[in-house]
Every structure is written in structure tokens, then in C-alpha cells.
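In: model the structure of this input:
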Amino acid sequence: MFKLWIANLYARLSLILAYLPYPRLFFFLKRLKQDYENSWKYRTTLPSGDTIQFFPYTVVPEGIDVKITSLKKLRGYIEFRKRALMDPINIIAYGVTPEEFVRILGKSKSSWKPLFGSVHFLHTPFGWKPSIAAKVDVNKYKEGERLHIRLYSGVSARVVPVTFGAAHHDLPRDKRGRHKTPPSWNEVRDLIGRELKNYKQYLTPECAYQPGFRGAEGDGKILVLNIK
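Out: Below you'll find the predicted structure:
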């Protein structure tokens, strides 16, 4: 898919820009280690006794954020943003890359499509990873709503490719053009689980992130899908 290729390129460029004009992600990393000690050391068990360690929230560094909102017309906007924790990781696909997982989602009942949009970052033992994204437009709700997932690449302790996903239901944008906090962190996670029921799956027994994070309903569990 050309759109998936260009979205992946955009994600990689965004990671480079996140270190400019000063190493913002480096300083954010130090802050995470200081303020989120328990989450920083979060480790979960994967299929076949494999494991992986990661910080279970997506982040954005402070600075100038340039967003392209339309690939066809290259419309965009620029805004200043403060560094923040954005979305919890609530899906792990074991045995696939983000690009491969987008193709799997595209064949599901909801027919997910690659999305060219803003990039968040996730930290793993292999460093910061930029997101690629996919979406489903939710026509039965208000205009501007969508099911949305950001995906990040990772590698397990046994050197198996892993895809981290932050899936959620976006409400219509506010006056500044930003999506509001979703009503639930579980809704889209569970939808993907139902649509990919042919793959072995389970919810992590422990909480990876704070239930009710940013005021949205959520049990803090991650859905692990064995795609290998």
C-alpha cells in the first residue's frame, strides 16, 4: 500500500524531528524514569514464555507540532504542545510488524485503513519508536468520530517482532482541532479482539496502565494476540 509506505516514512521523519532543535525525547526519557518508576519497569509475559519490557503510554515531546490533516490536499496546521502522556498501550500483536498488523486489520470486518496523521512516540529497551496509524470512520455517530489505533514496532526478549497498539474511539474534535478523550480505552481493544478471534489471545492478568486514565473508562489490561 502506497499510503502505508508514505505514513511509515512520515513516522520516521517525525522521530528525527523530535530530537530537534534540541534532544527533547532524551530529556523526556529522564523525566519518565524519575516520575513513572513503576510504569517504566513494566514487563509482560508473551506467548511461549517470551517477555517484553516497555513504557505503557504513548508520549509527545514539547515543542512545535506540525500536523498534516489531509494527504490529498496537504492541508495542515502548526501548534505549540507541551510534553504529555497521551494514550495507553492496550494491544500487543506478537509475531508481526506494524505494517503487517495494519494489513491484518484491513481484512477484518471493520476494514481498517492506513491513516496519515500526527505521530506519537513509545519507549522500549531499543529506544524511541514512532507510530504509524490506521482508522475506521464511524458513520453511525457524529461527523468526525473514528476508531483509531497507533502502532509501534518492538522486539521481544527472544528477538520476535512485536507490534504495540494504542487503540481508542475518537470523539469529534474540539475548537482547536484536537480529538477529545475517548469514552473508553477498552471499547476498540475489545472490538479488535472480537474481529481477530481466529488468533489465540488473552488479557494480561496485571494492570499495565492506570484504569480511568484521563477520565476514560478502562480496566488497565492489554490484549495480547498471538499472530506468530
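In: the helices in this protein, which residues?
Out: Along the chain, the segments classed as helices by DSSP state H run 2-17, 24-35, 37-40, 98-106, 187-195.
In: return the most buried member of those.
Out: helix 98-106 (a mean of 21; mean count of other C-beta atoms under 10 Å). The way it works is simple: take the backbone N, C-alpha and C, and place the C-beta from them, glycine included.
In: and it, what does it pack against?
Out: Helices and strands touching helix 98-106, by 3 or more C-beta pairs under 8 Å, 6 or more residues apart in numbering; DSSP states H and E, are helix 2-17, strand 132-137, strand 146-155, strand 161-170.
In: which one, of those, ends up nearest to Val96?
Out: When the helices and strands packed on helix 98-106 are compared by C-beta to C-beta, strand 161-170 sits nearest Val96, at 5.5 Å.
In: for the closest one, packing partners?
Out: strand 84-88, strand 91-94, helix 98-106, strand 146-155, helix 187-195.
In: how about the helices and strands packed on helix 98-106 in CSV, adding distance to Gln34 and mean pLDDT?
Out: CSV is the format used below for the helices and strands packed on helix 98-106 (distance: least, C-beta to C-beta, whole Å; pLDDT from 0 to 100):
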stretch, distance to Gln34, mean pLDDT
helix 2-17, 23, 75
strand 132-137, 29, 89
strand 146-155, 23, 94
strand 161-170, 23, 96
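In: just put the ones you listed in TSV and tack on distance to Leu46.
Out: Below are the helices and strands packed on helix 98-106 laid out as TSV (distance: least, C-beta to C-beta, whole Å):
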stretch	distance to Leu46
helix 2-17	24
strand 132-137	21
strand 146-155	10
strand 161-170	7
